[in-house]
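Visitor: return atomic coordinates for the entry below.
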Amino acid sequence: MLDRSRHAPTFAPSIPTPPVEWRVEPGLTDYATALATMEARANAIRAGEAGEQVWLVEHTPLYTAGTSARAADLLEPDRFPVFDAGRGGEYTYHGPGQRVAYVML
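Guide: Below is the predicted model:
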C-alpha cells in the first residue's frame, strides 16, 4: 500500500481569500451574452479586480458545437441556432429548464 502521509496535500490557499460568490441568474440568458460576461469576469479575477464566482444560468434554446461536431449529425439543423464553442466534443443542447453552472476561479 502506498504511504500517502508524506504527500498530504493542502488545498487551503496560502493567503486568506474571500468566499466564492454564488450568482443565480433570473430568466434566460443568450449564450453569446453569457460567454462575454464570463470572459470579462475571468479577466477581472486574473487582474485581482473581482472575486471568484459560480454562476447558475439557463440559456435560450441553442446547440453549442464542439470541435468534433459535424453538421450532418443534426437531425433538424434549422430548429435552433448553433454556436461554435471551440471546445472539445460534439453538439450540446442548452435551453430553458436546463441550469448550467459556470465556475470562474
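
Visitor: every contact and neighbour count from this point should use C-alpha atoms.
Guide: OK.

Visitor: what pLDDT does the model give Ile45?
Guide: Looking at Ile45, its pLDDT stands at 96.

Visitor: same check on Ser14?
Guide: For Ser14, pLDDT reads 68.

Visitor: where are the low-confidence patches of the protein?
Guide: For the chain, residues meeting the criterion pLDDT under 70 lie at 1-14.

Visitor: what is the longest strand seen in the chain packed up against?
Guide: Across the chain, the strand with the greatest residue count (assigned by DSSP state E) is strand 21-29. Where contact means 3 or more CA pairs under 8 Å, 6 or more residues apart in numbering; DSSP states H and E, strand 21-29 is packed against strand 53-59.

Visitor: just the buried positions in the next helix or strand after the longest strand of the chain, please.
Guide: Next in sequence after strand 21-29, counting helices and strands by DSSP states H and E, comes helix 31-46. Residues Tyr31, Ala34, Met38, Arg41, Ala42, Ile45 are the ones in helix 31-46 that count as buried (16 or more other CA atoms under 10 Å).

Visitor: what comes into contact with helix 31-46?
Guide: With CA atoms under 8 Å, 6 or more residues apart in numbering as the test, helix 31-46 has contacts from Ala50, Gly51, Glu52, His59, Thr60, Phe83, Met104, Leu105.

Visitor: 10 Å - rerun?
Guide: Helix 31-46 is contacted from outside by 29, 47-53, 55, 57-64, 83, 85, 94-95, 102-105, using CA atoms under 10 Å, 6 or more residues apart in numbering.

Visitor: ok, stretch 66-78 next?
Guide: 63, 65, 82-92.

Visitor: rerun that using 7 Å as the cut-off
Guide: Outside stretch 66-78, the residues within contact range by CA atoms under 7 Å, 6 or more residues apart in numbering are Asp84, Ala85, Gly86, Arg87, Gly88, Gly89, Glu90, Tyr91.

Visitor: for those, pick the one with the most neighbours.
Guide: With neighbours taken as other CA atoms under 10 Å, the top of the contacts of stretch 66-78 is Tyr91, carrying 22 neighbours.

Visitor: so what's that one bridging to?
Guide: Under DSSP bridges, the beta-bridge partners of Tyr91 are Ala65.

Visitor: ok now do it, which residues does it touch?
Guide: Counting by CA under 7 Å, 6+ apart, the residues that Tyr91 touches are Tyr63, Thr64, Ala65, Gly66, Ala69.
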